[in-house]
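1. give me a 3D structure for the following:
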Amino acid sequence: MSIFYTPPNSIAGDVIPYYWKGEYHLFHIQPRPEPGSPWNHMVTRDFVVFQDWGEAVPPGKQDEQDADIWTGSVFEHNSTFHIFYTGHNGSFPAVGKLDQVIMHATSPDLRTWTKDPNFVIPPPEDKGYERSAWRDAFVFRNEEAGEFWMLVTARRASDIPMRRRGCVALLASTDLQSWELRNPLWAPEECDSHECPDLFKMGDWWYLVYSTYIGKWTTHYRMSKSPNGPWIAPPVDTFDGDGFYAAKTAGDDKQRYVIAWVSRRPDDKDENPLAWGGTVIAHEIVQRPDGTLAVKIPEGLAKHFTKKQELTPKQAINQWKVNNSSYTVNSTSRFSLLGFGMMPETCLVEATVTFETGTSSCGLVLRADEEFDSYYQLILEPSRQRFVFLRDGSAPVQRAFEQERPLTIHAGEPVKLRILIDGSVIVIYANDEVALSGRMYDLASGRLGLMVTEGKATFADVSIRTE
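-> Here you go, the predicted model:
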């Protein structure tokens with residue numbers, strides 16, 4: 001059984017999550033062969049088992065404003081559920097019409113949705129906003145202000161470079177029908193778009209979540225003691241690495257998750273660049289004492305893997321000390337490797353790594369071939385305070401890709417690793433605070449290994465668990 005959701009014969013685009021009475025409703029853009037992209041709807045309680053509720057909001061006809069249903073938001077008010085979505089028609093600009101507007105639909109039960117044909121919020125060009133960037137409405141009840149707020153991905157018409165005109169526009173309403181434009185919630189002049197904005201409060205802090213596609217497909221966050229700002233950039237402002245995109249959050253007062261798609265690579269080739277859309281991934285959000293955010297594996301996923309696979313060392317480079325599920329090596333001035341048997345296609349790999357002062361790098365080898373000449377690697381690099389996931393091996397595939405995440409690590413302090421693998425998808429968690437999601441296409445199977453380069457390290461509680 002697959003543990004990460006990918007629509008059959010398609011991909012998952014932007015996810016619009018909504019929490020209601022113990023269930024996470026994951027609306028998402030789902031491309032299809034025929035023209036027009038709808039919102040589809042799936043439901044889960046644990047991010048392991050998903051129910052497909054089918055199409056939620058169908059696209060309009062090709063000559064209508066909502067020929068594509070783009071990103072928006074879902075919420076409930078007075079026993080009615082509301083969707084505010086982007087009505088997109090890529091052919092309209094050629095005939096002088098708007099390609100992006102905000103539209104509205106309602107439902108009594110989260111299943112059956114009725115579009116409001118009279119509701120349209122166009123980009124306010126007369127107020128200095130560009131007509132070609134007005135999407136991703138996020139609507140919520142701001143109890144402190146006593147009104148509804150709508151955040152919109154927008155660009156202001158300006159003489160500064162276009163790549164710096166992006167802002168998070170703000171509108172307010174008392175009845176969800178008439179909306180008043182306010183000053184932007186945030187206009188930092190840093191990029192051309194702050195896509196898929198999301199705003200939530202946890203403890204004393206407010207968090208603004210948004211995504212950018214310049215250079216990398218990345219979701220960021222800012223924090224403030226007020227929904228009005230000022231918005232502070234934390235030392236690490238991301239939840240995951242390149243390819244974890246369009247993330248939004250959902251949850252209750254006890255748990256909150258950040259949910260996105262992890263990008264695919266065209267033609268299922270490791271060397272190809274990341275592309276839009278893919279597989280749905282969720283991380284549980286953890287708030288640190290200083291207000292900054294970390295992420296960890298969802299509890300339901302961690303508990304799902306109950307069967308422990310026996311591990312037997314198959315081959316080694318250098319001499320390793322073996323003590324039950326603990327493995328130690330002195331690899332001073334050299335490379336050391338310990339190889340095990342084949343890894344299941346879907347599994348949870350766990351290990352706690354402790355390295356000594358002066359160690360260059362250490363980590364795990366994944367899906368290695370029989371000779372350990374071609375493989376994926378998860379590498380801890382103490383000198384650079386990061387961990388890296390990469391595809392490596394003999395030419396011509398050396399370093400087909402390399403992804404990284406910052407990680408505070410010190411000699412003598414254990415680093416707990418949890419690695420979820422499901423087909424081509426890999427999600428790495430380090431110390432229950434840092435995550436990195438990626439893909440493994442070229443090597444669909446292979447062996448597990450441990451490695452140390454120029455140093456000393458111990459790998460404790462090494463295990464492979466299956467469903």
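
2. ok, now how distant is the residue nearest to Pro58 when sequence neighbours are not counted from Ala247?
-> Nearest residue to Pro58 in three dimensions, chain neighbours excluded: Pro38, at 5.0 Å (Cβ to Cβ, 6 or more residues apart in numbering). Placement of C-beta: from N, CA and C, glycine included. Note on Pro38: its distance to Ala247, by Cβ to Cβ, to the nearest Å, is 21 Å.

3. Phe138: which element?
-> Using DSSP states H and E, Phe138 falls within strand 129-142.

4. with just CA atoms, put that strand into PDB.
-> Taking C-alpha atoms only, strand 129-142 is exported to PDB below (Å, rounded to 0.1, in the frame of the first residue of the first chain):
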ATOM      1  CA  TYR A 129      -2.400  46.400  -8.800                       C
ATOM      2  CA  GLU A 130      -1.400  44.500 -11.900                       C
ATOM      3  CA  ARG A 131      -4.200  42.600 -13.800                       C
ATOM      4  CA  SER A 132      -2.100  39.500 -14.400                       C
ATOM      5  CA  ALA A 133      -1.400  38.500 -10.800                       C
ATOM      6  CA  TRP A 134      -4.500  38.100  -8.500                       C
ATOM      7  CA  ARG A 135      -4.900  34.600  -7.100                       C
ATOM      8  CA  ASP A 136      -4.800  32.100  -4.200                       C
ATOM      9  CA  ALA A 137      -7.300  33.800  -1.900                       C
ATOM     10  CA  PHE A 138      -7.000  32.700   1.700                       C
ATOM     11  CA  VAL A 139     -10.000  33.700   3.800                       C
ATOM     12  CA  PHE A 140     -10.400  33.400   7.600                       C
ATOM     13  CA  ARG A 141     -12.200  35.000  10.500                       C
ATOM     14  CA  ASN A 142      -9.900  37.500  12.300                       C
END
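
5. buried ones in that strand?
-> Buried residues in strand 129-142, counted by 16 or more other Cβ atoms under 10 Å: Tyr129, Glu130, Arg131, Ala133, Trp134, Arg135, Asp136, Ala137, Phe138, Val139, Phe140.

6. any idea which of these is closest to Glu34?
-> Within these, distances to Glu34 taken as Cβ to Cβ reach their minimum at Arg135, with 22.3 Å.

7. now do the contacts for the closest one.
-> Contacts for Arg135 (Cβ atoms under 8 Å, 6 or more residues apart in numbering) come out as Trp70, Thr71, Thr86, His88, Gln100, Ile102, Val152, Thr153, Glu195.

8. relative to the lowest-mean-pLDDT helix or strand in the chain, what are the paired strands and their orientations?
-> Within the chain, no helix or strand scores below strand 315-317, which has a mean of 89 by mean pLDDT, DSSP states H and E. Using DSSP bridges, strand 315-317 pairs in its sheet with strand 326-342 (antiparallel).

9. distance from the partner strand to the middle of the chain?
-> 32 Å (Cα atoms, centre = their mean, to the nearest Å).

10. next, the buried residues of that strand.
-> Per 16+ other Cβ under 10 Å, strand 326-342 contains these buried residues: Tyr327, Thr328, Val329, Asn330, Ser331, Ser336, Leu337, Leu338, Gly339, Phe340.

11. would you list those residues in TSV and tack on pLDDT and distance to Gly393?
-> Output for those, formatted as TSV (pLDDT from 0 to 100; distance: Cβ to Cβ, whole Å):
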residue	pLDDT	distance to Gly393
Tyr327	97	23
Thr328	97	26
Val329	97	22
Asn330	97	26
Ser331	97	20
Ser336	97	18
Leu337	97	14
Leu338	97	18
Gly339	97	15
Phe340	96	18
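
12. which neighbouring elements make contact with the strand ranked longest in the chain?
-> Using DSSP state E to define each element, the chain has its longest strand at strand 447-466. Strand 447-466 sits against strand 307-309, strand 326-342, strand 346-355, strand 361-368, strand 374-381, with contacts defined as 3 or more Cβ pairs under 8 Å, 6 or more residues apart in numbering; DSSP states H and E.

13. tell me the domain ranges of the protein?
-> 15-303, 305-466 (automatic domain parsing).

14. how about CSV for those, with distance to Ser2 added?
-> Compiled in CSV, those are given as follows (distance: least, Cβ to Cβ, whole Å):
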stretch, distance to Ser2
domain 15-303, 9
domain 305-466, 6
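
15. for Tyr5, which of these is the nearest?
-> Using Cβ to Cβ, the nearest of these to Tyr5 is domain 15-303, at 4.4 Å.

16. could you say which helix or strand holds Phe389?
-> strand 386-393.

17. on that earlier part again, and the residue nearest to Pro58, how many neighbours?
-> 20 (other Cβ atoms under 10 Å).

18. residues in contact with it?
-> Contacts of Pro38 (Cβ under 8 Å, 6+ apart): Ile29, Gln30, Arg32, Glu55, Ala56, Val57, Pro58, Pro59, Ile69.

19. any chance of these in CSV, with distance to Ser107 too?
-> Shown next, in CSV, are the contacts of Pro38 (distance: Cβ to Cβ, whole Å):
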residue, distance to Ser107
Ile29, 18
Gln30, 18
Arg32, 22
Glu55, 13
Ala56, 8
Val57, 10
Pro58, 13
Pro59, 17
Ile69, 14
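
20. now the residues you listed: which count as buried?
-> For those, buried by 16+ other Cβ under 10 Å: Ile29, Gln30, Ala56, Val57, Pro59, Ile69.

21. which of these sits closest to Thr218?
-> Nearest member of the buried ones among the contacts of Pro38 to Thr218, counting by Cβ to Cβ, is Ile29, at 18.7 Å.
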